[in-house]
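1. Sequence below, structure please.
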Amino acid sequence: MARNAYTKVLIIDDHPIYSIGLSTILESSHKYNIVGITSNLSDAVKIIEKDNPRLVFLEINLGKENGMDIIQKLKSISPQIIILVLTSSDERFYSERVLRMGARGYIMKTENAAKIMDAVNTVLDGKIYLSESERDRVFQAMTQENSRGAKDWTMSLQKLSNRELQVFSLIGKGLGTIEIASMFNISTKTIDSHKEHIKLKLHCSTSQELRQMAIQWISMNG
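-> Next up is the predicted model:
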């Protein structure tokens, strides 16, 4: 499908240097107009309502705000918007989730400019973008062909709900029950319930084991 000469783009990322570099790459092609760069949902909503961008680059690891929640909120505001997750978070643990929530592609920040532009062209053409290795992994998971025959981190974490994965990540960052409950504006009892469900799904026998696993997870994802 033919595209307009200039595609309006919004970048949601809390790393200014990376955002500036990305905008420079896009604008150098003379096909894209960067209508905004922000690191939070409230500003993103204002930009969308004012400029109606077609493409959004989203880093799902935004500190206090959760990028996965942002996907759903942006899609509810502008259902036609195309969201490409460009992130430092390992695709093995998030790609399927963000696609289910409405994103059109997932690419790691470690990829070069050519790969990123390939992802952009793919999602703007109405297709789904995943790296070749991730497409293979997703297909393998769907067909239940795990050559190792054992549960690994990827398979185990896929069992967690989106909220449970958020709680698990915050545990790995050193936050306690009260702090996590305050972030989500829910009770500590609910957080404790989430923790118990996570322990069951990840086969953790103690809270200490859960904490160590969460810390390891955070170290794997920067």
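
2. Report the separation between the spatially most central residue of the chain and I215.
-> When CA atoms, centre = their mean is applied to the chain, the residue found nearest the centroid is I60 (3.6 Å). According to CB to CB, to the nearest Å, I60 stands 20 Å off from I215. C-betas here are computed from N, CA, C, even on glycine.

3. lowest-pLDDT helix or strand in the protein?
-> None of the helices or strands of the chain scores lower by mean pLDDT, DSSP states H and E than helix 153-157, at a mean of 66.

4. Show me what the helix or strand just after it is packed against.
-> Downstream of helix 153-157, the first helix or strand assigned by DSSP states H and E is helix 162-172. Applying 3 or more CB pairs under 8 Å, 6 or more residues apart in numbering; DSSP states H and E, we find helix 162-172 packed against helix 91-101, helix 177-184, helix 188-202, helix 207-220.

5. returning to that earlier point: got the contact list for the residue nearest to the centre of the chain?
-> I60 is in contact with N66, G67, M68, I70, I71, V85, T87, S89, Y94, V98, counting by CB atoms under 8 Å, 6 or more residues apart in numbering.

6. now with 6 Å?
-> Counting by CB atoms under 6 Å, 6 or more residues apart in numbering, I60 makes contact with G67, M68, V85, T87, S89.

7. Next: V45.
-> By CB under 6 Å, 6+ apart, the contact set of V45 is empty.

8. before we move on, the earlier item: out of the contacts of I60, grab the one that's most surrounded.
-> The most crowded member of the contacts of I60 is V85, carrying 29 neighbours; neighbours defined as other CB atoms under 10 Å.

9. Which single one of the contacts of I60 is nearest to N121?
-> V85 (16.0 Å; CB to CB).

10. Verify the contact between that closest one and V98 for me.
-> Yes. Taking CB atoms under 6 Å as the definition, V85 is a contact partner of V98 at 5.1 Å.

11. tell me, what's touching the two both at once?
-> Common contacts of V85 and V98 (CB under 6 Å, 6+ apart): Y106.

12. ok, L10 to M220 distance?
-> In terms of CB to CB, L10 sits 29 Å off from M220.

13. So for the two, which sits in the more crowded spot?
-> For L10 versus M220, neighbours defined as other CB under 10 Å are more numerous around L10 (24 against 13).

14. Torsion angles phi and psi at the residue nearest to the centre of the chain?
-> For I60, the backbone dihedrals are phi -80, psi -10 (criterion: degrees, to the nearest 10).

15. Name the nearest residue to it, ignoring sequence neighbours.
-> Distance criterion CB to CB, 6 or more residues apart in numbering; nearest residue to I60, sequence neighbours excluded, is G67 at 2.9 Å.

16. G63 too?
-> D14 (5.9 Å).

17. Helix, strand, or coil at that neighbour?
-> coil (DSSP: H, G, I helix; E, B strand; the rest coil).

18. That one is in contact with S39, isn't it?
-> Yes. Counting by CB under 6 Å, D14 touches S39, with 3.9 Å between them.

19. Go ahead and list the helix or strand containing the closest residue to M101 other than its chain neighbours.
-> Computed as CB to CB, 6+ apart, the closest residue to M101 that is not its neighbour in sequence is I71, at 4.6 Å. Under the criterion of DSSP H and E, I71 resides in helix 67-77.

20. That helix: how far from the chain's middle?
-> 11 Å (CA atoms, centre = their mean, to the nearest Å).
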